[in-house]
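This is a predicted model, with the sequence first.
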Amino acid sequence: MTLTDRYVAATLRNIPASKRDDIERELRGSIADAVDARIDSGDDSAEAEKYVLTDLGDPARLAADYSERPLYLIGPDLYLDWRRLLAVLLWIAPIPGIVVLVLDAFEGSSVLAAFGSGIWTAATVALHIVFWTTLVFAVLERTGGSAENPTGAWTPERLPEGDDERRVSLSDTVFAVAVYVFLFVFLILQRTYSGFHSDDGTAIAILEPGLWSFWIPALLVLLVLSAVFEIVRYAIGGWTVPLAVINTVLNLLFTVPVIWLAASDELFEPDYLVAAFGEATDSARVASTTVIVVVALIAVWEIGEGWVKALRDPAPRVRQRRTRHA
């Protein structure tokens, strides 16, 4: 294979198959014309070919140009929203770390061990926040989330006269993500930091330990997905019918199992209820009823709010993006 053959093959490798034939003809024609021009000016054919290919640059970059595929993780249209949201969300990370530090101190751990656990927890939460937030914005970048505003070019006349109830504020997003982070950390820590210990000194878990075989890991996944959903909703800029559907599904997937477990007395660890309240039967009934009522009310509110705001206008506004200048 000639240098040109190898260059074209390397370029086409990163281009969708449906476009390869046209791009190959165009690319080979451009290379041939440029090489002929160099030869006419007195260059050796081999040197002319090498010069032209060097001037074209990395074939992977050229393929990205042909495919109109971004070579950055997050482009300028989404960067400011990503940075603004991430800067605020990262303030959540120290909170679980402080909680773990205090709990370790009360459990009798050394100062160094308590600080180590707190820092590790805060760093882990921060890493998850950065990863999931960046992943959401990167996906939106590559699926049209930063494309030209589908509602038309922005003009000053489109500035809102007042608060738009469909839009998602930064503070609402941060609060929602903070709640999901709190619940995530609670599910992890409740088995070792309940405040009560058995006769052999081991911590008594708040929730039934058997739930770790499936239900608690499933709930942890749903909490992560719910936090990602809040970030997506903020990045899009407002409620839409598809978002309302996803919100409904996520709420039901979390709420129904929790209510079922509470109603069947499989949610709480009986030994914890005895240690905390004395009588296991009455305590279990009160605790389970409380969980059922609270979780059901929150789900109804969240689902209802999403549908009301999504259906208030058949064409809700999308977060405005700055148009790119030629």
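Nice, thanks for sending it over.

next structured bit after the one helix or strand residue 245 maps to?
If you go by DSSP states H and E, residue 245 is part of helix 241-263. From helix 241-263 onward toward the C-terminus, using DSSP H and E, the following helix or strand is helix 270-277.

Other residues contacting that next one?
Applying Cβ atoms under 8 Å, 6 or more residues apart in numbering, the contact partners of helix 270-277 are 194, 195, 196, 198, 204, 205, 206, 280, 283, 284, 287. Every C-beta, even on glycine, is put in place using the N, C-alpha and C of the backbone.

Does the fourth one touch residue 204 like I think?
Okay, so that is residue 198. Yes: in terms of Cβ atoms under 8 Å, residue 198 counts as a neighbour of residue 204; the distance is 5.7 Å.

Where does confidence bottom out across the contacts of helix 270-277?
Lowest model confidence among the contacts of helix 270-277 falls on residue 280, which carries 56.

Quick one: residues contacting residue 128.
Under the criterion of Cβ under 8 Å, 6+ apart, the contact list for residue 128 reads residue 224.

now the one 5 residues further on
Neighbouring residues of residue 133 by Cβ under 8 Å, 6+ apart: 82, 85, 86, 89, 231.

Using PDB, list the CA coordinates for the helix or strand containing the third one.
With elements delineated by DSSP H and E, residue 86 resides in helix 76-89, which encompasses its position. As requested, the backbone C-alpha atoms of helix 76-89 are provided in PDB (Å, rounded to 0.1, in the frame of the first residue of the first chain):
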ATOM      1  CA  PRO A  76     -18.800  25.800  24.400                       C
ATOM      2  CA  ASP A  77     -22.600  25.500  24.200                       C
ATOM      3  CA  LEU A  78     -22.800  23.400  27.300                       C
ATOM      4  CA  TYR A  79     -19.600  24.300  29.100                       C
ATOM      5  CA  LEU A  80     -20.900  27.200  31.200                       C
ATOM      6  CA  ASP A  81     -23.900  25.200  32.400                       C
ATOM      7  CA  TRP A  82     -21.600  22.200  33.200                       C
ATOM      8  CA  ARG A  83     -19.200  24.400  35.100                       C
ATOM      9  CA  ARG A  84     -21.900  26.300  37.000                       C
ATOM     10  CA  LEU A  85     -23.700  23.100  38.100                       C
ATOM     11  CA  LEU A  86     -20.600  21.200  39.000                       C
ATOM     12  CA  ALA A  87     -19.200  24.100  41.100                       C
ATOM     13  CA  VAL A  88     -22.300  24.100  43.200                       C
ATOM     14  CA  LEU A  89     -22.800  20.300  43.400                       C
END
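
Can you show me the CA trace of the helix holding residue 245 as PDB?
Output for helix 241-263, consisting of C-alpha atoms alone and laid out as PDB, is shown next (Å, rounded to 0.1, in the frame of the first residue of the first chain):
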ATOM      1  CA  VAL A 241     -43.300  15.100  28.400                       C
ATOM      2  CA  PRO A 242     -40.500  12.500  27.900                       C
ATOM      3  CA  LEU A 243     -38.800  13.900  31.100                       C
ATOM      4  CA  ALA A 244     -42.200  13.600  32.900                       C
ATOM      5  CA  VAL A 245     -42.400   9.900  31.800                       C
ATOM      6  CA  ILE A 246     -38.900   9.100  33.000                       C
ATOM      7  CA  ASN A 247     -39.600  10.900  36.200                       C
ATOM      8  CA  THR A 248     -42.700   8.800  36.800                       C
ATOM      9  CA  VAL A 249     -40.900   5.600  36.000                       C
ATOM     10  CA  LEU A 250     -38.000   6.400  38.400                       C
ATOM     11  CA  ASN A 251     -40.300   7.400  41.200                       C
ATOM     12  CA  LEU A 252     -42.400   4.200  40.800                       C
ATOM     13  CA  LEU A 253     -39.400   2.000  40.600                       C
ATOM     14  CA  PHE A 254     -38.200   3.400  43.900                       C
ATOM     15  CA  THR A 255     -41.500   3.900  45.700                       C
ATOM     16  CA  VAL A 256     -43.300   0.600  45.000                       C
ATOM     17  CA  PRO A 257     -40.500  -1.700  46.400                       C
ATOM     18  CA  VAL A 258     -40.100   0.500  49.500                       C
ATOM     19  CA  ILE A 259     -43.800   0.500  50.200                       C
ATOM     20  CA  TRP A 260     -44.000  -3.300  49.600                       C
ATOM     21  CA  LEU A 261     -41.100  -4.000  51.900                       C
ATOM     22  CA  ALA A 262     -42.500  -1.700  54.600                       C
ATOM     23  CA  ALA A 263     -46.000  -3.200  54.300                       C
END
